[in-house]
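Asker: Quick one, what's the 3D model for this:
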Amino acid sequence: MSGRNAATPDFELMAKQILMDLRLRVTGISLALGLLAGCGIRHSTVVVQPGDARPASALSGAAARGRLDGDHYIVGKGDTLYSIAFRNGVDFRTLASWNNIAEPYRIWPGQSLRLKAPAAAPAGSGTGFSPVVEAAPAAQPLAAASRPVVLPSPPVSRAVVATPAAAAPAARAEIPAAVKPAAAPPVVAAPAAALANGASRNSGGITWRWPASGPLIKRYQAGDAIPGIEIAGKAGDPVRAAADGVVVYSGNGLVGYGELIIIKHSDALLSAYGHNSTRLVKEGQTVKSGQKIAEMGSSGASRVELQFQVRRDGNPVDPMAYLPPQ
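Answerer: Coordinates of the predicted model:
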């Protein structure tokens, strides 16, 4: 009896060893799961770039494209202060002043910009002019409920807001029909020896040249839906800067212009180049007169052409008054 007991395995000791082994395995599995969970958390972390540090409403899908909201414009992705002013026929300095925006005029998607002066101007008399009315002295304190903006003394020509009646839908509901600005420089007659396309001309303190070498197929007409001149050419022909300046818009967010570039030449003068196939410059880039900035195309148009505009104080003017005679 005693011999059989000596040969019998110690089941209690074996059970303890098995239980300890199971505990070690469970602990190992728990550690492994913890590590995997930690890795999963790290991989799913969303890093918000500094440029995206905007209000939640500014990052919603609704802000992907700009839109009108009464007398305000809700900024969309790709918009700049210059493109919004260009679209609505307002001088960019006036738009910045109305919205208390200082240089370098940074805006963000979802931001609401007023498109009219804080103090509403009286109804026009049918002349197409919308004069800016300063607030009366009693309304000057900054504590006014409507958040008025004290405007700097504007140039006389800033009172003219001229935009085509048939412009893109965003502008059509807000801006009166375009009229030919009275302040536009007169067209100078060509000299006896006509200048070639590569020639230049000084106008408005800026040296101008033709942006493309093709034939002129449409002249400027006040009141056009898209006021400017049109130059024909072949797809891929070079489009050149008409004068020295800085690119303030390069994109395709303006309906009717296709791939568009806007260059600022001075505080008063901008030029625009539409319907390109390829844009070769970026916003903020400095360009020289004659520098290739794009390739001609038919984006937003039914044929290959360059749609060229000159704007003075936000108002369209006849580019032929600035370009050298052909």
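Asker: can you confirm Gly284 is in a helix?
Answerer: No - under DSSP: H, G, I helix; E, B strand; the rest coil, Gly284 sits outside any helix and is assigned coil.
Asker: residues contacting it?
Answerer: Contacts for Gly284 (Cβ atoms under 8 Å, 6 or more residues apart in numbering) come out as Val246, Val247. C-beta: built from backbone N, CA, C; applies to glycine.
Asker: and it, how far is that from Asp71?
Answerer: 30 Å (Cβ to Cβ, to the nearest Å).
Asker: What of Val239?
Answerer: Between Val239 and Asp71 the computed distance is 35 Å (Cβ to Cβ).
Asker: Check Ala102 too.
Answerer: In terms of Cβ to Cβ, Ala102 sits 22 Å off from Asp71.
Asker: the more surrounded of these two?
Answerer: Asp71 (12 against 8; other Cβ atoms under 10 Å).
Asker: Am I right that the more buried one is in contact with Leu113?
Answerer: No - using Cβ atoms under 8 Å, Asp71 is not in contact with Leu113; the gap is 9.9 Å.
Asker: Report the beta-bridge partners for Ala272.
Answerer: Ile262, Gln309 (DSSP bridges).
Asker: Check Arg67 too.
Answerer: According to DSSP bridges, beta-bridge pairing links Arg67 with Ile74.
Asker: and it, how many neighbours?
Answerer: Neighbours of Arg67 (other Cβ under 10 Å): 13.
Asker: Check it and give its pLDDT.
Answerer: Per-residue confidence (pLDDT) for Arg67: 88.
Asker: Which residue ranges of the stretch 151-300 of the chain form helices?
Answerer: Remark: helices assigned in the stretch 151-300 of the chain by DSSP state H, counting those that start in this stretch are 169-172.
Asker: Find the nearest non-adjacent residue to Asp71, please.
Answerer: Closest residue to Asp71 apart from its sequence neighbours, by Cβ to Cβ, 6 or more residues apart in numbering: Lys116 at 4.9 Å.
Asker: same thing with Phe86?
Answerer: Once flanking residues are discounted, Phe86 sits nearest to Ile262: 6.1 Å by Cβ to Cβ, 6+ apart.
Asker: Am I right that that neighbour is in contact with Asn276?
Answerer: No - Ile262 lies out of contact with Asn276 (Cβ under 8 Å); the separation is 11.9 Å.
Asker: Touching both of the two, which residues are there?
Answerer: By Cβ under 8 Å, 6+ apart, no residue touches both Ile262 and Asn276.
Asker: what sits against the residue nearest to Phe86?
Answerer: If you count contacts by Cβ under 8 Å, 6+ apart, then Ile262 has Tyr82, Ser83, Phe86, Val247, Val248, Tyr249, Ser250, Leu270, Ser271, Ala272, Tyr273 around it.
Asker: Show me where the stretch 51-200 of the chain dips below the pLDDT cut-off.
Answerer: Within the stretch 51-200 of the chain, the segments meeting pLDDT under 70 span 51-63, 120-198.
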